[in-house]
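Novice: missing the sequence, but the structure's below:
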Ligand SMILES: Cc1cc2nc3c(=O)[nH]c(=O)nc-3n(C[C@H](O)[C@H](O)[C@H](O)COP(=O)(O)OP(=O)(O)OC[C@H]3O[C@@H](n4cnc5c(N)ncnc54)[C@H](O)[C@@H]3O)c2cc1C
């Protein structure tokens, strides 16, 4: 079979859905191919949205959990945690299945053609190869957008940069009985549970997310066991028994900073495929939405003007310079290899300077840089 489009977008995560919708809204013909048969399964994110995203993007409020203003940072032994309270609503956890479904409806309503259960297989003889429920299709598109996640096949085919510096993360999600405790985000700095990153519990009074992330080769007995160990003693959970059924999520997280070469004559990368994730916090939802706006703008310009060099201003190297501080802090976090070093970091965190620095990172106004 054959198909044509102005733009083929590969991957219907938040980056692909947003880019496709913006392009279709500008009048372009967009085909969005996603290998998963539906968007509400195999979710790969906790779904914590930060205040800046909630301020700037109209996410459907009915699919967002209660606001969170309280963060508790725990040292390895869990003694004397550091509690930080904000006077503003800082985070809300998305109910990601319904949120993706709403974004897909918005995409379809603007005219995006969605091909679910359809895998991008590569490029041959100037066409893109997709394999879907009805067999293989050759797609001719002026541009391809790689929104296909941290291990992007599109990046490889376009000869663009690829993520090399990755964490892996996994979590369990379950409903909890409504309690009286304030919604809280607990972070545990313990390299035996989360080597190079954090273990977390997000309890917003409706759902609990219990997770760990770190460098894959540094978990002492594997990530799954680390998650089990953490789950058995995780802070901030209600006393009630955990339900028998929990949703499991997980996946790679690129933390090497925005990649330098994220566009070429044939297309560009957005979201995790472009490395658009904060190297320090590993938050990628705000970056993927903001970079998608830039991508759609550049592609619109390229499609209207027909200029072959129009994609050159989609330049990761220029934006990457603004990540220097966060990359330095990532290197610092990666060096926390023993509980003793983590405990020493808490000595600093308990000082006024340490608390102020933590507040700036957790409650600050910074977000993914505008181009
Ligand atoms: C455990 C975990 C927790 C996280 N928690 C948070 C958080 O709370 N807050 C936050 O800001 N960030 C978080 N992140 C990061 C954030 O989730 C990602 O940065 C963000 O979701 C990236 O969106 P994306 O659209 O680029 O990629 P994805 O959501 O990964 O979407 C890529 C899509 O491409 C599809 N695909 C891949 N290959 C192909 C192919 N060949 N053909 C067709 N389709 C393909 C995949 O099926 C997928 O649907 C977390 C990440 C992990 C792993």
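Specialist: Sure, I can see it. Please read all numbers here as calculations on a predicted model, not as lab measurements. Numbering: from 1, shown residues only.
Novice: how about residue 228, phi and psi?
Specialist: Here is the backbone geometry of residue 228 (degrees, to the nearest 10): phi -60, psi -40.
Novice: what's the separation between it and residue 251?
Specialist: Using Cβ to Cβ, to the nearest Å, we find residue 228 at a distance of 18 Å from residue 251. Yep, even glycine has a C-beta here, placed from its N, CA and C like the rest.
Novice: same check on residue 17?
Specialist: Taking Cβ to Cβ as the criterion, residue 17 is separated from residue 251 by 17 Å.
Novice: which ones are touching residue 179?
Specialist: By Cβ atoms under 8 Å, 6 or more residues apart in numbering, the contact list for residue 179 reads 205, 238.
Novice: where's it, which helix or strand?
Specialist: Assessed by DSSP states H and E, residue 179 sits outside every helix and strand.
Novice: mind checking pLDDT for it?
Specialist: Residue 179 carries a pLDDT value of 78.
Novice: how much space between it and residue 203?
Specialist: From residue 179 across to residue 203, the span is 8 Å (Cβ to Cβ).
Novice: anything in contact with each of these two?
Specialist: Counting by Cβ under 8 Å, 6+ apart, the residues touching both residue 179 and residue 203 are residue 238.
Novice: how near is residue 19 to residue 279?
Specialist: Relative to residue 279, and taking Cβ to Cβ, residue 19 is found at 22 Å.
Novice: ok, the two, which is more surrounded?
Specialist: Each of residue 19 and residue 279 has its neighbours counted (other Cβ atoms under 10 Å); residue 19 has more, 31 against 25.
Novice: who touches the more buried one in this structure?
Specialist: Taking Cβ under 8 Å, 6+ apart as the criterion, residue 19 is in contact with 9, 145, 147, 270, 292, 295, 296, 299.
Novice: gap between the last one and residue 7?
Specialist: Just to be clear, that refers to residue 299. 6 Å.
Novice: okay, and the common contacts of these two?
Specialist: Counting by Cβ under 8 Å, 6+ apart, the common neighbours of residue 299 and residue 7 are 23, 28, 143, 145.
Novice: need the contact list for residue 367.
Specialist: With contact taken as Cβ under 8 Å, 6+ apart, residue 367 is in contact with 50, 52, 53, 56, 286, 287, 290.
Novice: where does the prediction get shaky in this protein?
Specialist: Low-confidence segments of the chain, defined by pLDDT under 70: none present.
Novice: select the longest strand from it.
Specialist: strand 135-146 (DSSP state E).
Novice: contacts for the helix or strand just after that strand?
Specialist: In the C-terminal direction, the helix or strand that comes right after strand 135-146 (DSSP H and E) is helix 153-158. With contact meaning Cβ under 8 Å, 6+ apart, helix 153-158 is reached by 10, 120, 122-123, 144-146, 148, 161-162, 259, 264, 266-269, 273.
Novice: buried sites along helix 153-158?
Specialist: Of the residues in helix 153-158, 153, 154, 155, 157, 158 count as buried by neighbour count, 16 or more other Cβ atoms under 10 Å.
Novice: would you list the contacts of residue 367 in TSV and tack on secondary structure, neighbour count and distance to residue 247?
Specialist: Rendered in TSV, the data for the contacts of residue 367 read as follows (DSSP: H, G, I helix; E, B strand; the rest coil; neighbours: other Cβ atoms under 10 Å; distance: Cβ to Cβ, whole Å):
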residue	secondary structure	neighbour count	distance to residue 247
50	strand	21	22
52	helix	16	27
53	helix	22	23
56	helix	13	28
286	helix	25	23
287	helix	24	24
290	helix	22	28
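Novice: which ones among those residues also lie next to the ligand?
Specialist: Applying Cβ under 6 Å from any ligand atom, the subset of those adjacent to the ligand comprises residue 286.
Novice: residue 191 - how many residues pack around it?
Specialist: Here the neighbour count serves as a burial measure; for residue 191 (other Cβ under 10 Å) it reads 24.
Novice: how far away is it from residue 232?
Specialist: Summarising the geometry, the distance separating residue 191 from residue 232, computed by Cβ to Cβ, is 18 Å.
Novice: what of residue 295?
Specialist: 43 Å.
Novice: one more: residue 96?
Specialist: Distance from residue 96 to residue 232, counting by Cβ to Cβ: 25 Å.
Novice: equivalent analysis for residue 159, please.
Specialist: From residue 159 to residue 232 the distance is 46 Å (Cβ to Cβ).
Novice: can you check residue 293 too?
Specialist: Counting by Cβ to Cβ - residue 293 and residue 232 are separated by 42 Å.
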